[in-house]
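Chemist: Quick one, fold the following:
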Amino acid sequence: MTNNYVLVTGGSHNIGKAISKRLTEDGFRVLILDITDPSHEHFGEFYKVDLSDSATAKSCLAELTAKYTITGLVNNVGIVAPAALEDVTLDDFERVFNTNARAAILCTQALLPTMREKRYGRIVSTASRVVLGKELRTSYCASKGAILSMSRTWALELAKYGITINCIAPGPIATTAFWKNNPPQSEQAKAIIANVPMKRMGNPDDIAHATSYFMDERSGFVTGQVLYVCGGLTVGLAGA
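Modeler: The predicted structure is shown next:
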């Protein structure tokens, strides 16, 4: 392992918590950026920051990069703000986009000088299966679609430095955010699960396992890819 510091955004809860735990078990020293305090102890240092605020995010990232040599990044932070098209507000759109997509740009830019110098880096971003389309997700789809497209572009630009850029696109995962938008036992939640070929929800550990693969030093010939961790849901959509 060239260097074992990895920055995880949105690492305090749910998928971020599982990723932080798994990477810690893999031997990484995890640094977390999040707006809420961690609900676990699988990290070396935690910085409380609103990543939708670019000035605050840049200041925090400057402090981090001055203190640590970081060659791993997981762009995991994300918010949803579901709404039908006619109800989407520009304020909500900007908040979602800035948190989910702009923060990924800022974090990647901040860590890039070190990765280039070391000629090594692993960047994994959490996209979503909603990039294939989902009702009531205009802002979220836009932000996650941007993550996907940016990652493919960065993969081409940075391959010569030994830096890999990949995405994980979760299907329905049992997180607090999912249950908030799809209450348990609701017809909506039941319909979602029924459409998954595996006939179950995914869990945060499923995403953490995929992240572990992309972050591994031995995964250096895999870049610019998106891995759908969805219980087969996207295969069903593709064949519809």
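Chemist: If you count neighbours, what's buried in the longest helix seen in the chain?
Modeler: Looking across the chain with DSSP state H, the single longest helix is helix 138-158. If you call a residue buried by 16 or more other Cβ atoms under 10 Å, then helix 138-158 has these buried ones: 138-148, 150-151, 154-155, 158. C-beta here means a position set from N, CA and C on the backbone, and glycine is covered the same way.
Chemist: go on, stretch 118-128?
Modeler: 118, 120-128.
Chemist: ditto for stretch 71-87
Modeler: So, applying 16+ other Cβ under 10 Å, buried residues of stretch 71-87: 71-83.
Chemist: ok but Lys160 is inside a helix, no?
Modeler: Yes - according to DSSP: H, G, I helix; E, B strand; the rest coil, Lys160 belongs to a helix.
Chemist: does Asn42 sit in a helix, a strand or a coil?
Modeler: Rather than Asn, residue 42 is His. His42 - assigned by three-state DSSP - is coil.
Chemist: so it touches Lys17, yeah?
Modeler: Yes - applying Cβ atoms under 8 Å as the test, His42 and Lys17 come out as touching, 7.3 Å apart.
Chemist: what about those two, which has more around it?
Modeler: Using other Cβ atoms under 10 Å as the criterion, His42 and Lys17 rank with Lys17 on top: 25 against 19.
Chemist: Which residue, other than its chain neighbours, is closest to that one?
Modeler: Using Cβ to Cβ, 6 or more residues apart in numbering and skipping the chain neighbours, the partner closest in space to Lys17 is His40 (5.1 Å).
Chemist: ok, the one you found to His13 distance?
Modeler: 8 Å (Cβ to Cβ, to the nearest Å).
Chemist: So which of these two has more stuff around it?
Modeler: Between His40 and His13, counting by other Cβ under 10 Å, His13 is the more crowded of the two (19 against 15).
Chemist: Please identify the helix or strand for the closest residue to that one other than its chain neighbours.
Modeler: Distances taken as Cβ to Cβ, 6+ apart put Ser39 closest to His13, at 5.3 Å, once the chain neighbours are dropped. Element membership for Ser39, per DSSP states H and E: none, as it lies in no helix or strand.
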